[in-house]
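>>> next input, structure requested:
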Amino acid sequence: MKTLSRLLVACTCLTGVALAAPSAFAADKAPSKAADQSFTIAVIPDTQNYVDYTHQTAEGFAFDARQMFLDQMAFVAANVQSAGGDIAFVDGLGDNWQHQSMLIDPAHEARGFKRVANPIMDGHFAPTEKVHTVEMPVVSQGWDQLNGKVPFSVVPGNHDYDAMWTDSNHPAAAQFKDMSSIGMLHSGGLSNWKKVFSDQSKYFKGQSWYVASHDDGADSAQIFTAGGYRFLHIGLQFDAPNSSLKWAAEVIKRYPGMPTIVSMHDFLDTAGNRLPNPIIDNAAVDPEDNSPQMIWDKFISQNDQIFMVLCGHEHAQAFRTDANKAGHPVYQVLADYQDRAQTAKDAGAKMEPGMGIGDGWLRLMTFDMGAKVPQVKVRTYSTHYKLNSVDAPDYAKWYKAEEKPKLTDAEYMQADDFTIDLTDFRARFGKPKVAAK
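Down below sits the predicted model:
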């Protein structure tokens, strides 16, 4: 059942504040030009296992896992540009919390969708009021630390929806034989998510950098200035429907020529394919939704301003580059560390196979726009261990067998520490010219 547990978690898909750690931003060499042409984007993937109410001492867990999430956000807050650091933008990739509060959301029920019992899934994804009383408040406490200090985006992941049920047209088999017999989940309803992150929330309402929204902020757009450029960021909801893609294309037209990053919860799998997890594929259940490949075909590849896509959801790392319709590269980057459980093992916590905490790991993507060829240095840093992945002696020993067992240790380490050459960035977007604000 380990494979099953890992796939189930893929759908879910120690105290003390970790402040600025110089090694987290140490580059192989200093930026080639002025410091104002170098900046960092902090990427916060899937945090649900930190805030999961079952991973707290009140429920008998070995430690309060939520503290790792709060420490992550404290670290980011200490290193944003307004605090003297170099983080210019923060990107939350969804699955902010773990649990749902409804069996099925009213909107889908009104459209004729039906939930069926699932003996395998229902125990893992039973709705609970503790998402309101424990998990969502901790998420708010974390993002409160960035409020008013830095532009940021938070997209909804499948766990952030009000309900996640087994669809009646994709039920589980009477007996479990293989993964095709599990049935398929569908997520719906964003009232919980909108209570925290809507366009009218304390985080975004009235912020000059929050420039557009759709579906009350389930899709959103931000602009930040860094490295001599103004960047547009678009965050899309999980398996974004056609209305979201239409809105996003209109936002891009509103800001012509602006280098654009798109973030969404699910886009790449751990092999680098644009394939959904087989247990939750909203596009296979609902004709209004789009799969990752459909989003590429309909939106990403059609809009030449998009040069990068960031995603989480699948438990490991992946990177791929494809040419868009205009022939220009689009860099697609997956990071999700929720399976990592070394901290739980060290504390003697009892964990199901495939379950994790996260161990404080996040992505730091440092852009050097003053280099002869602009570059992005991708590093993976733990606010718990206070180390970059390359400086953790047991990094491959801890995680490789679960995430990328076929890689050598060197190949595995490279997946969390590498450089992206933005080969045609200046040809597409011009030379740096915008002063930092």
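>>> look up phi and psi at the nearest residue to residue 130 once chain neighbours are set aside.
Spatially, and ignoring its direct neighbours in sequence, residue 130 is nearest to residue 53 (4.2 Å; Cβ to Cβ, 6 or more residues apart in numbering). C-beta coordinates here come from the backbone N, C-alpha and C atoms, glycine included. Here is the backbone geometry of residue 53 (degrees, to the nearest 10): phi -60, psi -20.
>>> against residue 366, how distant is the residue most central in space within the chain?
In the chain, the residue lying closest to the centroid (Cα atoms, centre = their mean) is residue 93, at 2.1 Å. Residue 93 is 18 Å from residue 366, where distance means Cβ to Cβ, to the nearest Å.
>>> report the separation between the nearest residue to residue 73 once chain neighbours are set aside and residue 71.
Spatial nearest neighbour of residue 73, chain neighbours left out: residue 142 (4.0 Å); criterion: Cβ to Cβ, 6+ apart. According to Cβ to Cβ, residue 142 and residue 71 sit 9 Å apart.
>>> before we move on, what about residue 263?
For residue 263, the distance to residue 71 - Cβ to Cβ - is 23 Å.
>>> now do the residue nearest to the centre of the chain against residue 239, distance only.
From residue 93 to residue 239 the distance is 14 Å (Cβ to Cβ).
>>> please apply the same query to residue 222.
Per Cβ to Cβ, residue 222 is found 21 Å from residue 239.
>>> counting neighbours, go ahead and name the busier of these two.
residue 239 (27 against 22; other Cβ atoms under 10 Å).
>>> ok, the nearest residue to that one once chain neighbours are set aside - contacts?
Nearest residue to residue 239, sequence neighbours excluded (Cβ to Cβ, 6+ apart): residue 282, at 3.8 Å. Contact analysis of residue 282 by Cβ atoms under 8 Å, 6 or more residues apart in numbering lists 158, 186, 187, 238, 239, 276, 289.
>>> now do residue 229
By Cβ under 8 Å, 6+ apart, residue 229 lies in contact with 259, 369, 429, 432, 433, 434.
>>> by neighbours, which of those wins?
residue 369 (26 neighbours).
>>> please report how far the nearest residue in space to that one that is not next to it in sequence lies from residue 92.
Among residues not flanking residue 369 along the chain, residue 227 sits closest, at 3.6 Å (Cβ to Cβ, 6+ apart). Separation of residue 227 from residue 92 (Cβ to Cβ): 21 Å.
>>> so how far is residue 76 from residue 376?
Applying Cβ to Cβ to residue 376 and residue 76 gives a distance of 18 Å.
>>> cool, residue 428 as well?
Residue 428 is 29 Å from residue 76, by Cβ to Cβ.
>>> these two: which is more packed in?
residue 76 (27 against 16).
>>> not counting sequence-adjacent ones, nearest residue to that one?
residue 42 (4.9 Å).
>>> elements contacting the helix or strand hosting that neighbour?
In the assignment (DSSP states H and E), residue 42 maps to strand 38-44. For strand 38-44, the contact count by 3 or more Cβ pairs under 8 Å, 6 or more residues apart in numbering; DSSP states H and E identifies helix 66-78, strand 87-92, strand 361-368 as packing neighbours.
>>> helices of the stretch 251-400 of the chain, residue ranges please.
282-285, 292-295, 342-346, 395-403 (DSSP state H, counting those that start in this stretch).
>>> hmm, residue 52 and residue 338 touching each other?
No. At 9.8 Å, residue 338 and residue 52 do not qualify as touching, with contact defined as Cβ atoms under 8 Å.
>>> sorry, back to before: nearest to residue 111, of the helices of the stretch 251-400 of the chain?
When those are compared by Cβ to Cβ, helix 282-285 sits nearest residue 111, at 11.3 Å.
>>> low-scoring pLDDT stretches of the stretch 101-250 of the chain, where are they?
Along the stretch 101-250 of the chain, segments meeting pLDDT under 70 span 175, 177-180.
>>> the helices in it, which residues?
Under DSSP H, counting those that start in this stretch, the stretch 101-250 of the chain gives helices at 106-110, 130, 136-144, 191-197, 242-254.
>>> so can I have JSON lines of those helices showing mean neighbour count and distance to residue 390?
Formatted as JSON lines, the helices of the stretch 101-250 of the chain follow (neighbours: other Cβ atoms under 10 Å; distance: least, Cβ to Cβ, whole Å):
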{"stretch": "helix 106-110", "mean neighbour count": "15", "distance to residue 390": "45"}
{"stretch": "helix 130", "mean neighbour count": "19", "distance to residue 390": "38"}
{"stretch": "helix 136-144", "mean neighbour count": "19", "distance to residue 390": "26"}
{"stretch": "helix 191-197", "mean neighbour count": "20", "distance to residue 390": "33"}
{"stretch": "helix 242-254", "mean neighbour count": "17", "distance to residue 390": "35"}
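>>> make TSV out of those helices and add distance to residue 83.
As requested, those are exported to TSV (distance: least, Cβ to Cβ, whole Å):
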stretch	distance to residue 83
helix 106-110	41
helix 130	33
helix 136-144	15
helix 191-197	22
helix 242-254	29
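>>> which one of those lies nearest to residue 295?
helix 242-254 (6.8 Å).
>>> now for the closest one, which elements pack on it?
Helix 242-254 packs on strand 210-214, strand 219-226, strand 229-235, going by 3+ Cβ pairs under 8 Å, 6+ apart.
>>> closest one to residue 387 among those?
Using Cβ to Cβ, the helices and strands packed on helix 242-254 put strand 219-226 closest to residue 387, at 25.7 Å.
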